[in-house]
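Q: I'd like to go over a predicted model; first the sequence, then the structure.
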Amino acid sequence: MNLHLTGHQLEITPAMRDYVTGKLDRIARHFDHVIDVRVILSVEKLKHRIEANVHLSGKDIFVESHDTDMYAAIDALADKLDRQILRHKEKNFEHRGSHD
């Protein structure tokens, strides 16, 4: 899994990079076919925004989250992304298993 972190109006600290990487490792545990993840962290006045574009084999998933705290936004993004990855995995599995 390739991870690209970008900061807009924000310098990405090593602690932030480690936190995002740790949260995205959970996705890699659920689904092996993650090719590329692009994460953009940005700050607009008091609103912290994070967005992720995950490239899977056969599908791209885009998720974004807003919060007043960057770490809370990262947590919310990881939860949203986790739900979408699991839903994609279940649909893929059901589709393959329906040829009885």
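A: It's in. Residues are numbered from 1 along each chain as shown.

Q: what residues of the biggest helix by length in the chain count as buried?
A: Identified as the longest helix of the chain according to DSSP state H is helix 70-97. Using 16 or more other CB atoms under 10 Å as the test for burial, helix 70-97 gives 70, 73-78, 81-82, 84-85, 88, 92. C-betas here are computed from N, CA, C, even on glycine.

Q: reformat those as TSV; add distance to H48.
A: Below are the buried residues of helix 70-97 laid out as TSV (distance: CB to CB, whole Å):
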residue	distance to H48
M70	4
A73	5
I74	9
D75	12
A76	10
L77	11
A78	14
L81	17
D82	20
Q84	21
I85	23
H88	27
N92	33
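
Q: need those residues in JSON lines (columns: pLDDT and distance to E11).
A: JSON lines is the format used below for these (pLDDT from 0 to 100; distance: CB to CB, whole Å):
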{"residue": "M70", "pLDDT": "93", "distance to E11": "12"}
{"residue": "A73", "pLDDT": "95", "distance to E11": "16"}
{"residue": "I74", "pLDDT": "94", "distance to E11": "16"}
{"residue": "D75", "pLDDT": "94", "distance to E11": "20"}
{"residue": "A76", "pLDDT": "95", "distance to E11": "22"}
{"residue": "L77", "pLDDT": "94", "distance to E11": "19"}
{"residue": "A78", "pLDDT": "92", "distance to E11": "21"}
{"residue": "L81", "pLDDT": "91", "distance to E11": "24"}
{"residue": "D82", "pLDDT": "89", "distance to E11": "27"}
{"residue": "Q84", "pLDDT": "89", "distance to E11": "29"}
{"residue": "I85", "pLDDT": "85", "distance to E11": "29"}
{"residue": "H88", "pLDDT": "82", "distance to E11": "33"}
{"residue": "N92", "pLDDT": "72", "distance to E11": "38"}
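
Q: closest to L56 among the residues you listed?
A: Nearest to L56 among those is H88, at 6.8 Å by CB to CB.

Q: excluding chain neighbours, what is closest to the closest one?
A: K59 (6.2 Å; CB to CB, 6 or more residues apart in numbering).
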